[in-house]
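> sequence first, then the predicted structure, then my questions.
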Amino acid sequence: MNFIYNNKVKILSRKEVAPNIFLIKLSAPSVAQEALPGQFIHIKCSKDNYPLLRRPLSIHRIDKEKGEIFILFQAVGEGTKILADRTIGDDLDITGPIGNGFNIYPESRKIMIVGGGIGVAPLLALGEESIRQGKEVRVLISALKKELVIGEESFKILGAKVDVATDDGSYQFKGLVTDLLERIIKEGWLADQIFACGPKPMLKKISEITLPANINYQVSMEERMACGIGACLGCVCKIKTKDKRKYRVKYEYKRVCIDGPVFPGNEVVWDD
Ligand SMILES: Cc1cc2nc3c(=O)[nH]c(=O)nc-3n(C[C@H](O)[C@H](O)[C@H](O)COP(=O)(O)OP(=O)(O)OC[C@H]3O[C@@H](n4cnc5c(N)ncnc54)[C@H](O)[C@@H]3O)c2cc1C
Ligand code: FES
């Protein structure tokens, strides 16, 4: 279990990058120093004690030199709407960085990153780190329509090749991002590792694609959370594990907050 830090951090900038989707830059030197791509912070969204529970948000970008981190989030309910209304200069009470983060293998040469909607949030820091390590990075982003495409420019600036799939065909590929992924694999671009975050049906379909192709696949899972420190078991997901003595598949419930949020995508039980 990793040690969880409590921090007061300051909002440096705030921008609505797409309808209802906000990018906030935080001055958070100690978090930036420790943070790994794929980890998240647990945020007290309001200035008072309502809502009581913190909300988990992924660390979108990490700037260790400037001591800054970014969060990218969709305002969907009470907590995130309050957070979206916080202003530049406000202090935020956060805990983190929390969780395990993505595991980029040293021997991997080609990395594929797949983000569905706001699922791109934890993937930019991963893309940045992969490129820093000299990997060839391709990114697939999906959105319902053109106005909701997020992250395309940010990944391109890093040097990644980016393709976009929109459900309504208003931008680039029309259809599911998983169809686009299958097409790219058929064309011969085979990743050594695939990392994804987004809606569960998308994550499940990528598992069906990567399992027979024997590609290492890691997913960032999102479950509703309460404590964020491994105590309440409110965030568990079902994972397949091998019983080493009997060579049978068995199952375990793992906590997304501290055992994850990143899990081997081919070991998650998607239909539970
Ligand atoms: C590890 C982790 C990282 C996350 N990173 C991001 C991120 O970077 N950006 C981002 O926009 N969101 C992220 N989420 C989801 C985010 O935490 C929720 O959207 C947020 O907690 C909702 O709080 P709320 O008070 O605004 O909404 P609520 O009023 O609590 O709920 C509003 C709606 O959102 C749904 N919801 C609430 N929590 C979750 C959840 N954890 N997953 C899916 N649906 C949920 C509810 O069922 C409801 O329909 C992450 C979740 C986890 C577990
Ligand atoms: S949120 Fe309590 S155990 Fe994960």
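All right, it came through fine. Source: prediction; values computed, not measured. Ligands and ions are numbered 1, 2, ... in the order given.
> host element of Asp93?
strand 91-98 (DSSP states H and E).
> helices or strands up against that strand?
Contact partners of strand 91-98 among helices and strands, from 3 or more CB pairs under 8 Å, 6 or more residues apart in numbering; DSSP states H and E: strand 6-18, helix 29-34, strand 40-44. For glycine as for every other residue, the C-beta is placed from the backbone atoms N, C-alpha and C.
> give me the residues contacting the helix or strand that comes right after the shortest one.
Counting by DSSP H and E, the next helix or strand C-terminal to strand 40-44 is strand 55-58. The list of residues contacting strand 55-58 from outside it, by CB atoms under 8 Å, 6 or more residues apart in numbering, reads 38-43, 45, 71-73, 79-80, 83, 98, 121-122, 197, 220, 222, 225, 228, 257, 261.
> near ligand 2, from those?
Met225, Gly228, Cys257 (CB under 6 Å from any ligand atom).
> starting at the chain centroid, how far to the longest helix seen in the chain?
Selection of the longest helix in the chain by residue count, based on DSSP state H, yields helix 200-213. In terms of CA atoms, centre = their mean, to the nearest Å, the centre of helix 200-213 is set 17 Å apart from its chain centre.
> following that helix, which helix or strand comes up?
Helix 200-213 is succeeded, C-terminally, by strand 216-220 (DSSP H and E).
> what lines up beside that following strand in the sheet?
strand 193-197 (parallel), strand 262-264 (antiparallel) (DSSP bridges).
> the longest one close to ligand 1?
In this case it means strand 193-197. No - using CB under 6 Å from any ligand atom, we find that strand 193-197 stays clear of ligand 1, coming within 8.1 Å at best.
> next one: stretch 24-43
Yes - residues of stretch 24-43 contacting ligand 1 under CB under 6 Å from any ligand atom: Phe40.
> span of that stretch from start to end?
13 Å (CA to CA, to the nearest Å).
> which positions in the stretch 1-150 of the chain make contact with ligand 1?
So far as CB under 6 Å from any ligand atom goes, the stretch 1-150 of the chain lies against ligand 1 at 40, 55-58, 72-74, 76-80, 118, 121.
> by proximity to ligand 1, which residue of the stretch 101-250 of the chain wins?
Relative to ligand 1, the nearest point of the stretch 101-250 of the chain is Ala121 (3.1 Å; CB to the nearest ligand atom).
> actually the stretch 1-150 of the chain, not the one I wrote
Gly77 (2.2 Å).
> ok so, going back, who wins for neighbours among the residues of the stretch 1-150 of the chain next to ligand 1?
Phe40 (30 neighbours; other CB atoms under 10 Å).
> what's opposite it in the beta bridge?
Counting by DSSP bridges, the residues bridging with Phe40 are Ser58, Ile98.
> do Ile113 as well
Applying DSSP bridges to Ile113, the residues it is bridged with are Val139, Phe195.
> likewise Tyr253?
Beta-bridge partners, per DSSP bridges, of Tyr253: Lys238.
> got a list of what it touches?
Leu233, Val236, Cys237, Lys238, Ile239 are the contacts of Tyr253 under CB under 8 Å, 6+ apart.
> pull out the buried residues from those.
Among the contacts of Tyr253, those scoring as buried are Val236, Cys237, Ile239 (criterion: 16 or more other CB atoms under 10 Å).
> show me what contacts the first one?
Val236 sits next to Glu223, Tyr253, Lys254, Arg255, Val256 when contact means CB under 8 Å, 6+ apart.
> now Gln93. Nearest residue, chain neighbours left out?
Small correction: residue 93 is Asp, not Gln. Lys44 (4.2 Å; CB to CB, 6 or more residues apart in numbering).
> what about that neighbour, how many neighbours?
20.
> ok, it touching Arg54?
Yes - with contacts counted by CB atoms under 8 Å, Lys44 reaches Arg54, the gap being 5.3 Å.
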